[in-house]
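Q: Please work out how this folds:
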Amino acid sequence: MKILVCISNVPDTTTKITFTNDNTEFNTAGVQYIVNPYDEIALSKAIELTEGGKGTVSVINVGEASNDPTIRKALAIGADDAVRVNASPRDAYFVAKQIAEYAKDKDYDLILTGRESIDYNGNQVAAMIGEFLDIPSISIIKKLAIDGDTATLEREIEGGKEIVTVKGKFIASCAEGVAEAKIPNMRGIMSARSKPLTVVDAVAVEEVAKIVKYETPAPRGTVKLIPADQATELINLLHTEAKVI
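A: Numbers count the residues shown, from 1 in each chain. The predicted structure is shown next:
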């Protein structure tokens, strides 16, 4: 089995988010970057599926040279090789097109992504790649099992679960439950240094969307505690101050 896993380079979850250039650009100063946690889940599942010589796992990232340490971590976790499309990932459409262009003639049996990146939370790339490659796309899966040429996937839906079966090549975005994220060991870290990381040029892609401005959430206001026996006062405040009733 030949698997491609798409990984994103995202700010660490403890990062304090600020913006520059009149709130039109993310301020990267002092930011520590990591492999997108949902992509780590996808990567861990790919490694599980290919353990024991059952296949190979490649990772792909759209980004600049500064992303290489993050890609090397994915190699340390267990990927066999990596590809970086040398371009700034300006939006989901651009990223999906770059990955699809690279993958279209590589004959991957399966492509996995995380459900979303934790910086933009768009949940768009997997479906777009599926459309570009004309293969089935299954979003936000919780379980994945493969038997021969048939895959069985489980998704959570309102009020229950949805079981999907797919034959042949497909792409899926992974959520919690698909696999436990793996922690690289010393052997993996050492071997990652010599694993191939290929850099390819980006293809030209039409700009279909542009970020105009970022805004941070408004600061939280003060909290008023109302005694349980003062329901009338609570209702009055909800009506006159909070204005939610």
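
Q: how much space between residue 128 and residue 120?
A: Separation of residue 128 from residue 120 (C-beta to C-beta, to the nearest Å) stands at 14 Å. For every residue, glycine as well, the C-beta is placed using N, CA and C.

Q: How about residue 31?
A: For residue 31, the distance to residue 120 - C-beta to C-beta - is 15 Å.

Q: do residue 94 as well
A: Residue 94 is 12 Å from residue 120, where distance means C-beta to C-beta.

Q: One more: residue 146?
A: Per C-beta to C-beta, residue 146 is found 30 Å from residue 120.

Q: other SSEs contacting the helix or strand where residue 187 lies?
A: Using DSSP states H and E, residue 187 sits within helix 186-192. In terms of contacts (3 or more C-beta pairs under 8 Å, 6 or more residues apart in numbering; DSSP states H and E), helix 186-192 is packed against helix 68-77.

Q: Name the next helix or strand downstream of the helix it packs on, please.
A: strand 81-86.

Q: Beta-bridge partners for residue 171, please?
A: Residue 171 forms beta bridges with residue 111, residue 137, as assigned by DSSP bridges.

Q: Give me the distance from the worst-scoring helix or strand of the chain on mean pLDDT to the chain's centre.
A: The helix or strand of the chain with the lowest confidence, counting by mean pLDDT, DSSP states H and E, is strand 25-26 at a mean of 88. Relative to its chain's centre, strand 25-26 lies at 19 Å (C-alpha atoms, centre = their mean, to the nearest Å).

Q: returning to that earlier point: who has more neighbours, residue 128 and residue 120?
A: Each of residue 128 and residue 120 has its neighbours counted (other C-beta atoms under 10 Å); residue 128 has more, 20 against 15.

Q: helices and strands around whatever helix or strand that one lives in, which ones?
A: Element membership for residue 128, per DSSP H and E: helix 125-133. Under the contact criterion of 3+ C-beta pairs under 8 Å, 6+ apart, helix 125-133 touches strand 2-6, helix 92-103, strand 110-114, strand 137-147, strand 170-174.

Q: So which other helices or strands are in contact with the longest helix anywhere in the chain?
A: Criterion DSSP state H: the longest helix present in the chain is helix 37-50. Applying 3+ C-beta pairs under 8 Å, 6+ apart, we find helix 37-50 packed against strand 2-6, strand 56-63, helix 68-77, strand 110-114, strand 137-147, strand 170-174.

Q: Now do it, average pLDDT.
A: Average pLDDT, helix 37-50: 97.
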